[in-house]
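Enquirer: Quick one, what's the 3D model for this:
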Amino acid sequence: MRNRDAQSNIAGYAAVFLALGAVLASRFSFSFSAEEMRLYAVLLLAYIWIGLLLLFARRCYDLYVFEPLSFVTAIYVAVFIVKPMIDLRAGHMVEHGIDVSGGGVKATVIMLVSYTCIYIGYYLRYDSSGSMALSNLPKVENVTEYEPVSLYLVWGISFGLCLLCMFSQGMSIRYIFSLGKTGELTVSEGNTGLLFLSNLVMTMLSAWMLILFRTENVFGKITVTALEIIYLLMRNSRWLMLIFILAPVTYYYAKQRKRPKGLFLALIGIMGLFIFAWMQANRNILSAGGSIQGWGREGLTLVKLMAPFESDLNTYRAFFSMVNRFPKVFSYVGGISYVYVFILFVPRFLWKGKPDNPIRSIIEHSLNGRARISGTAVSNIGEMYANFGMAGCFVLMFILGRVLSWMKTFYQGDSDDWVIMYSILYPLLFQWIARGNFSGNFYVTIFTILPFVFRRYLIKRPTGQIRRYHFL
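Expert: Here you go, the predicted model:
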């Protein structure tokens, strides 16, 4: 029976792979120029190569949809293959007035080799005995109720400080809790003195997950969930909403050692798309001091529904342009954006002359000053390339593969706390991969694990054992 289920899962994966491949193949056009034809061919070959690697992983390594490699692969395919092929056919490969298609072939080859380095790093020391297979993992036992007072305290402090950050940016308390319908917003986005407090949203999300699954008070769960939704909507950050939606789903399936049905994943994806599109439709309204509304005068349109793809999956463009400018026009920055991690943690109100994040200069050099001002993002591979070139991408991506392999062990043990922490870190990978900013993402991750550190080292109660693992 188990072999039959495995064969069925592989067949299902192959069907999805072929179906998406057929859709991508349909993006071909006889009107393509020679340069566009080369880019189209390289993108299609990249899709085939990554798909074959995944098929091998599913067949030989029991690849699980909720393990790190699956999500990271989905991000790379979406950002660097699917979106470029859509834009290539539509003629939309322009970012802030810059045609980026000229760097597409080189950038795609670098991405493909780099992804292969992730794959090698991920499976370098794979346990061939089968003990890592989903069906052979130890059962995660139900545990006694968590310390609710300490959890609510951590959540409350985090929530309060996140609100303080909003207040410092000109939002009144009535404006926040009425979803913009009453109260006022004094637009003061230049006030970044307390912006570091916004990182505590991840501490809040971690505490919320622990309250949701480690306490019994239903009223308390409903209350903190409602307040958290209000905050996330007013902050209007889709990557945070992605974590809010995906973390509980990941926790349930990882803890139960189950594989979700394809239909369920499709429904989650559709629901998320509608939520993200609705948030995108309200973004400009909120920034101007208005209230959260519906879909506007035109209602829900296909353009509005697809808006999150344009906003969140277009970071390939900066990379495509970057490979033509580094090192021909600008020198590699030699790791400065990674060193900035030691500067970022200092609040700006304590250091008035604090240097700007080097990522902004990388974006300006990759595109132009308009891209820097507008907040255009660059992917993690783009940050690697701007710092160290192709060789740096290959080495750092291999290390990333080792980190992801180590991260996988978080849900493979029998500790409920580890599974909860993993369930938040899993969707956080989107921010790490699609919107590379090492220093910012580093501190976001630190704030994410704070409640678990508090639980393990300050309360000093046993949390179960995690599988021992050697990083290198």
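
Enquirer: contacts, neighbours, all on C-alpha from now
Expert: Fine.

Enquirer: Which residue ranges of the stretch 201-350 of the chain form helices?
Expert: Applying DSSP state H, counting those that start in this stretch to the stretch 201-350 of the chain gives helices spanning 218-235, 238-256, 262-287, 302-312, 316-325, 336-339, 341-344.

Enquirer: How much space separates G183 from L232?
Expert: Counting by CA to CA, to the nearest Å, the gap from G183 to L232 is 18 Å.

Enquirer: With Q412 instead?
Expert: Counting by CA to CA, the gap from Q412 to L232 is 30 Å.

Enquirer: Which residue of the two possesses the greater neighbour count?
Expert: Neighbours per residue, other CA atoms under 10 Å: of Q412 and L232, the larger number sits with Q412, 26 against 16.

Enquirer: Tell me how many other residues crowd the closest residue to that one other than its chain neighbours.
Expert: Leaving out its chain neighbours, the residue that sits closest to Q412 by CA to CA, 6 or more residues apart in numbering is L137, at 6.0 Å. For L137, the tally of surrounding residues (other CA under 10 Å) stands at 16.

Enquirer: how about the nearest residue to S366, chain neighbours excluded?
Expert: Among residues not flanking S366 along the chain, M322 sits closest, at 4.5 Å (CA to CA, 6+ apart).

Enquirer: Model confidence for E36, exactly?
Expert: At E36, the model reports a pLDDT of 90.

Enquirer: Also the one 3 residues further on?
Expert: L39 is assigned a pLDDT of 94 by the prediction.

Enquirer: Give me the number of neighbouring residues for it.
Expert: L39: 24 surrounding residues under other CA under 10 Å.

Enquirer: Find the residue ranges of this protein scoring beneath the pLDDT cut-off.
Expert: Where the chain drops to pLDDT under 70, the residues are 1-9, 126-132, 142-146, 184-193, 284-291, 295-299, 302-303, 305-306, 456-472.

Enquirer: Contact partners for M111?
Expert: Contact partners of M111, counting by CA atoms under 8 Å, 6 or more residues apart in numbering, are 80, 381.

Enquirer: Distance check, it against L63.
Expert: Here the distance between M111 and L63 works out to 21 Å (CA to CA).

Enquirer: likewise N357?
Expert: 37 Å.

Enquirer: CA-only coordinates of stretch 360-374, as PDB, when you get a sec.
Expert: Extracted as PDB, the C-alpha positions of stretch 360-374 are listed here (Å, rounded to 0.1, in the frame of the first residue of the first chain):
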ATOM      1  CA  ARG A 360      19.600  50.500  -1.700                       C
ATOM      2  CA  SER A 361      22.900  51.400  -3.400                       C
ATOM      3  CA  ILE A 362      22.900  47.900  -5.000                       C
ATOM      4  CA  ILE A 363      19.400  48.500  -6.400                       C
ATOM      5  CA  GLU A 364      20.300  52.000  -7.700                       C
ATOM      6  CA  HIS A 365      23.400  50.600  -9.400                       C
ATOM      7  CA  SER A 366      21.400  47.700 -10.900                       C
ATOM      8  CA  LEU A 367      18.600  50.000 -12.200                       C
ATOM      9  CA  ASN A 368      18.500  53.700 -11.300                       C
ATOM     10  CA  GLY A 369      17.700  56.200  -8.700                       C
ATOM     11  CA  ARG A 370      13.900  55.900  -9.200                       C
ATOM     12  CA  ALA A 371      14.200  52.200  -8.300                       C
ATOM     13  CA  ARG A 372      16.000  53.100  -5.000                       C
ATOM     14  CA  ILE A 373      13.400  55.700  -4.000                       C
ATOM     15  CA  SER A 374      10.400  53.500  -4.800                       C
END
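
Enquirer: who touches it?
Expert: Counting by CA under 8 Å, 6+ apart, residues outside stretch 360-374 touching it are 95-96, 98, 318-319, 321-322, 325-326, 330, 376-378, 383, 386.

Enquirer: let's go with 10 Å and repeat that
Expert: The contact list for stretch 360-374 (CA atoms under 10 Å, 6 or more residues apart in numbering) reads 95-100, 317-326, 329-333, 337, 358-359, 375-378, 382-383, 386-387, 437.

Enquirer: what's the answer for stretch 343-350, then?
Expert: Contacts with stretch 343-350, where a contact means CA under 10 Å, 6+ apart, come from 191-197, 351, 354-357, 439-440, 443.

Enquirer: Surely the residue nearest to Q412 touches S415?
Expert: No: applying CA atoms under 10 Å, one finds L137 not in contact with S415, separated by 11.7 Å.

Enquirer: Which residues are in contact with each of these two?
Expert: Shared contacts of L137 and S415, defined by CA under 10 Å, 6+ apart, comprise K255.

Enquirer: who's in contact with the closest residue in space to R317 that isn't next to it in sequence?
Expert: Nearest non-adjacent residue to R317, counting by CA to CA, 6+ apart: V100, 6.0 Å away. Contact analysis of V100 by CA under 10 Å, 6+ apart lists 92-94, 316-324, 366-367.

Enquirer: Of the residues you listed, grab the buried ones for PyMOL.
Expert: Of the contacts of V100, the buried ones can be selected in PyMOL as follows, counting by 16 or more other CA atoms under 10 Å:
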select buried, resi 93+316+317+318+319+320+321+322+323+324+366+367
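
Enquirer: Looking at the contacts of V100, which is nearest K255?
Expert: Taking CA to CA as the measure, Y316 is the one of the contacts of V100 closest to K255, at 34.4 Å.
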